[in-house]
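Enquirer: next comes the sequence, and after it the predicted model I'd like to discuss.
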Amino acid sequence: MLIPRVITGLCLNTWSNFAELMMRIILIVTFVILAGFSSGEDVVVTGSGGGVIKIAGLGSVPADDVREWIGPQISFIESAGVSMARADDAAYFLENALRQHGYNEAVVDWKLVDDSNGKQQILLTVDEGAGTMVGKITVEGNAAIEDDAVIELLTSQTRKRFGADPRDAIPFVSGDLDKGIERVREFYELLGFPKVRADFEHGSSDSRLVDIKVSISEGVQYQVGRITLPESPAPKVAAGYGKIEEDFAGKSFSAAVPATISARLTALARDVGFYDATVTVDLGDPVPAADGKTATIDLAVAADWGPSVPISKIMVSGNEKVNDRFFDRHFEKLAGQPYSPNATNSEVEELLRTGAFESVRTDTVRQEDGSIALNVAVEEAPSRQLGVYGGFATYEGPIAGFEFRNLNLLGSVRKVDAEAEISRRGLRGEIEYEDPWFAWSDYRLRSTLFAMNRLNEGYSKFETGGRYEFSRKLGQQQRSRLSLFGQASYTDVYEADIDRALLGDLGYFANSTGISYSLDRRDNPRKPRSGFIAETSVSVASSVLASEVEFLRATGRLGFYLPLGETTLRLSARVGTISPIGDTSSLPIDLRFYNGGAQTVRSFQERELGPRDSRGYPVGGEFYTIFNFEYEIPFPWMECLSVVPFADAGNLLGDSSAAGFDEMRYAIGLGLRYETPIGPLRVEYGLNPDPKLGESQGTTHVGLGVAY
């Protein structure tokens, strides 16, 4: 496309007349100069089947653009051959494309001729006419909408086609401006101006630039006055009345308001069982305000709620491996209750989250007695899955694993997952059982048996034990979770090179229990772009639980994710403290916190931020903070690849009684992310801006998954 994207100030009223004149001259000269580079030679397109299209008369339009504009017609002629009808089609589409790109006077003629070899070909002769561009746009009569907003609505069709920014020059396309002025009217109507008149006129197209004048007569702005609502059939519907008042009373009135109120109240009623509810909204006469610029319209809402419609029976089909008894228990809370689409969908979504079903579909059948029969059709997924995986992380080194999963244990849709993994740091194995409906309640049980042999910097350990978690989602949207958790384990620390006085107990039982709460409003936990997450937990290990070490531990996390166009800003803060209590005076080395690494302060290797012994081995601490900032910028030509500048800060203190922000360490860096189906692949370098004695200047990290 030859039309230049020259940044102008023609839409900005603050520009001086001189600046405007200079930009006009630059725009015209640029257009003419670029047009002069065209060779004006004929364009020949040779078809594989022998058919030939020849295009003559092109001046300022590049041949590549022409081939793109009528590409489908060229391809069809190449495959089907030359004919009069196909020639006429090609001429029509080329002429239309030229006019859409600012050549409003373009004409394309066609005829069939013979080439030098005597083969028939299509000759398209182009008369481009004058290529015109939008010049100065002025707006008058508008008060509710600023000039720039009117201009943006007017030119949006053309700018979208050309990918032009608001200040870029665009071709003058009359059809696009007709659609744009209709958008202006529609926007005014949404603001409560039902009788708005908006038109535009333009100057002569004899020159390269066409000035446009937009004239608006706004009329009276209508607002919603008093809303009269009918008696509520149920508390949930009554609770929605307040939201209706908040969203509409005193706000702009448009033709969509009555339909929106009716749809929202109907949905509320149907969700509590009033399946046949119908809601109508009658409009009062407009009441003008004293100034004559605004008027209010009262709304009277009437409803025929009808009877409450219960679910009389639930029929499930398609299951072969899952026991019928499971579905009886899963859907029993719906049977006999008023039919609620939201409640039904919630039960369906729970089934899909288990992974045991490829699909779950529901439909309703009205019975003779007025009740509803709910038909549930399921398609089961393979219940047993066997797989291997591999990877690499900077600290772990090469990683390889084996996993066996049964998603439908004994036909009850309970999951068992067995996993074994080996890396440079050792071996790990665990078996996990998950019951989403423990004892057919709203609580989820997750219990795990584990064993690991771990080679850390300065010491090795063998640990075995088990952990459990009872959790329940809270709230109407199920975005928060309350959990009761615990762990019982035995740890044996061996082959330690760290100073003995800093190791604590070498072999001990640690049994703890605690509670946690989380509120997750992220749009996508795997790769969040918006929302936030807040988490906190408190746990205790005590001799009452037969624990040989006693401690109190608390952690907290807060993360914000802000989309800024195509980019994403992520902010995170984490804090943790653990204190020995009872008869324990010093915590074993493996119970302490560690800091540094790919998901904490990225100028340090894993676990290497904080206190060390005389040989330089990290010995952990009782209090930590971590603060992270990163800004992800996708590459425009490759959406799966992005660049991420980041900054981190944090500390690790040996004594929790000295909790604070002393000994803060920092990182500034840059990373690359490549999106994969299982999460982003990350390569990052964190620079230490103020390294202390024994600290590195920076560190490279390679890993999989989000940083935090």
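Expert: Arrived safely.

Enquirer: excluding its backbone neighbours, what's nearest residue 258?
Expert: residue 281 (3.8 Å; C-beta to C-beta, 6 or more residues apart in numbering). Bear in mind the C-beta positions are built from the backbone N, C-alpha and C, glycine included.

Enquirer: assign a three-state SS to the residue of the chain positioned farthest from its centre, would you?
Expert: Here the chain reaches farthest from its C-alpha mean at residue 118, the gap being 59.3 Å by C-alpha atoms, centre = their mean. Using DSSP: H, G, I helix; E, B strand; the rest coil, the structure places residue 118 in coil.

Enquirer: and the pLDDT at it?
Expert: Residue 118 is assigned a pLDDT of 77 by the prediction.

Enquirer: for it, give its distance to residue 52.
Expert: Distance, residue 118 to residue 52, using C-beta to C-beta, to the nearest Å: 12 Å.

Enquirer: first-to-last residue distance for stretch 156-176?
Expert: 8 Å (C-alpha to C-alpha, to the nearest Å).

Enquirer: an error on my part: the question was meant for stretch 518-532.
Expert: Distance between the two ends of stretch 518-532: 11 Å, counting by C-alpha to C-alpha.

Enquirer: likewise stretch 541-557?
Expert: 22 Å.

Enquirer: dump the residue contacts of residue 687.
Expert: Listed by C-beta atoms under 8 Å, 6 or more residues apart in numbering, the contact set of residue 687 reads 603, 667-669, 697-698.

Enquirer: equivalent analysis for residue 614, please.
Expert: Going by C-beta under 8 Å, 6+ apart, residue 614 touches residue 499.

Enquirer: repeat that for residue 608.
Expert: Per C-beta under 8 Å, 6+ apart, neighbours of residue 608: 457, 596-597, 618.

Enquirer: quick one on the thing from earlier: look at the residue nearest to residue 258 and give its secondary structure.
Expert: Counting by three-state DSSP, the backbone at residue 281 sits in strand.

Enquirer: so that it lines up with my notes, have the first residue be 188 from now on.
Expert: Done: numbering now begins at 188, and the last item shifts to residue 468.

Enquirer: what about the helices in the chain?
Expert: Along the chain, counting by DSSP state H, helices occupy 204-223, 250-256, 258-267, 271-287, 334-349, 361-377, 422-435, 443-458, 511-517, 528-540.

Enquirer: which parts of the second one are buried?
Expert: Taking 16 or more other C-beta atoms under 10 Å as the neighbour-count basis, helix 250-256 is seen to contain the buried residues 250, 252-253, 256.

Enquirer: so which of those residues is the closest to residue 433?
Expert: Set against residue 433, the nearest of the buried residues of helix 250-256 by C-beta to C-beta is residue 256 (50.4 Å).

Enquirer: so for the closest one, what's the nearest residue that isn't a sequence neighbour?
Expert: Among residues not flanking residue 256 along the chain, residue 284 sits closest, at 3.8 Å (C-beta to C-beta, 6+ apart).

Enquirer: can you check residue 296 too?
Expert: Nearest in space to residue 296, with sequence neighbours left out and distances taken as C-beta to C-beta, 6+ apart, is residue 312 at 4.8 Å.

Enquirer: if I read this right, that neighbour contacts residue 243, doesn't it?
Expert: Yes: the criterion here is C-beta atoms under 8 Å, and residue 312 meets it with residue 243 at 5.1 Å.

Enquirer: residues near the residue nearest to residue 296, how many?
Expert: Neighbourhood size, residue 312 [other C-beta atoms under 10 Å]: 16.

Enquirer: how close does it get to residue 294?
Expert: Counting by C-beta to C-beta, the gap from residue 312 to residue 294 is 9 Å.

Enquirer: run through who's touching stretch 507-520.
Expert: The contact list for stretch 507-520, computed with C-beta under 8 Å, 6+ apart, reads 501, 503, 506, 530, 534, 537-538, 543, 561, 563, 565, 567, 570, 595, 598-600, 624, 627.

Enquirer: now, these that are in strands?
Expert: Per DSSP state E, strands hold the following members of those: 501, 503, 561, 563, 565, 567.

Enquirer: would JSON lines of these with distance to residue 703 be doable?
Expert: Output for those, formatted as JSON lines (distance: C-beta to C-beta, whole Å):
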{"residue": "501", "distance to residue 703": "35"}
{"residue": "503", "distance to residue 703": "35"}
{"residue": "561", "distance to residue 703": "36"}
{"residue": "563", "distance to residue 703": "34"}
{"residue": "565", "distance to residue 703": "33"}
{"residue": "567", "distance to residue 703": "33"}
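
Enquirer: farthest-separated two in those?
Expert: Pairwise over the ones in strands among the contacts of stretch 507-520, using C-beta to C-beta, the maximum falls at 561 and 567, 19.1 Å.

Enquirer: hey, C-alpha coordinates of stretch 769-780 in CSV?
Expert: Written as CSV, here are the backbone C-alpha positions of stretch 769-780 (Å, rounded to 0.1, in the frame of the first residue of the first chain):
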residue,chain,number,x,y,z
GLY,A,769,8.5,-24.8,73.6
ASP,A,770,11.6,-26.9,74.2
THR,A,771,13.1,-26.1,70.8
SER,A,772,15.8,-23.4,71.0
SER,A,773,17.3,-23.8,67.5
LEU,A,774,15.5,-24.9,64.3
PRO,A,775,16.9,-27.7,62.2
ILE,A,776,18.5,-26.4,59.0
ASP,A,777,15.9,-28.0,56.8
LEU,A,778,13.0,-26.2,58.4
ARG,A,779,14.4,-22.7,57.9
PHE,A,780,13.5,-20.4,55.0
